[in-house]
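**Student:** A structural model of the following input is requested.
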Amino acid sequence: MVTDEEIRQEAVERLKERRGFYMHLGVYVIVNAILFFTWLISTPGAYYWPVWTTLGWGIGISFHGFSVLVGKNEPSESRIAREVDRMRGGASGHAPSA
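**Tutor:** Model prediction:
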């Protein structure tokens, strides 16, 4: 059984991970804005060289966001109970074969 302290500790860890992602996202936006304006001032209309940083880092940040915001979704107790019930044969009317 999971204690209240363990649940609290997990919640604190998730909040730290989420805050880390938002800080990463903020740095991404600021750095890419600086690169954009540097390009705009120095070589407007020329090859848009910041695209490589924006795309490469964007792929990395999207994986980071997915792992923090979506990837760690634990199944809810109701979903676990439904699955246990299904495995016991409650939902489908028959027990699974071995």
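
**Student:** helix or strand for G58, which one?
**Tutor:** For G58, the host element (DSSP states H and E) is helix 51-65.

**Student:** who does the helix or strand following that helix touch, helix- and strand-wise?
**Tutor:** Going down the chain from helix 51-65, the next helix or strand is helix 77-88, by DSSP H and E. On a contact count with 3 or more C-beta pairs under 8 Å, 6 or more residues apart in numbering; DSSP states H and E, helix 77-88 meets no helix or strand. Every residue, glycine included, has its C-beta placed from N, CA and C.

**Student:** mean confidence for helix 77-88?
**Tutor:** The pLDDT scores in helix 77-88 average 79.

**Student:** got it, and stretch 2-20?
**Tutor:** 87.

**Student:** with just CA atoms, put it into PDB.
**Tutor:** Extracted in PDB, the C-alpha atoms of stretch 2-20 (Å, rounded to 0.1, in the frame of the first residue of the first chain):
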ATOM      1  CA  VAL A   2       1.200   3.400  -0.900                       C
ATOM      2  CA  THR A   3       1.600   5.900   2.000                       C
ATOM      3  CA  ASP A   4       0.500   9.500   2.000                       C
ATOM      4  CA  GLU A   5       4.200  10.500   2.300                       C
ATOM      5  CA  GLU A   6       5.100   8.400  -0.800                       C
ATOM      6  CA  ILE A   7       2.200  10.000  -2.800                       C
ATOM      7  CA  ARG A   8       3.400  13.500  -1.600                       C
ATOM      8  CA  GLN A   9       7.000  12.800  -2.600                       C
ATOM      9  CA  GLU A  10       5.900  11.600  -6.000                       C
ATOM     10  CA  ALA A  11       3.700  14.700  -6.500                       C
ATOM     11  CA  VAL A  12       6.700  17.000  -5.500                       C
ATOM     12  CA  GLU A  13       8.900  15.100  -8.000                       C
ATOM     13  CA  ARG A  14       6.300  15.500 -10.800                       C
ATOM     14  CA  LEU A  15       6.000  19.300 -10.100                       C
ATOM     15  CA  LYS A  16       9.800  19.700 -10.200                       C
ATOM     16  CA  GLU A  17       9.900  17.900 -13.600                       C
ATOM     17  CA  ARG A  18       7.100  20.000 -14.900                       C
ATOM     18  CA  ARG A  19       8.800  23.200 -13.700                       C
ATOM     19  CA  GLY A  20      12.000  22.000 -15.300                       C
END
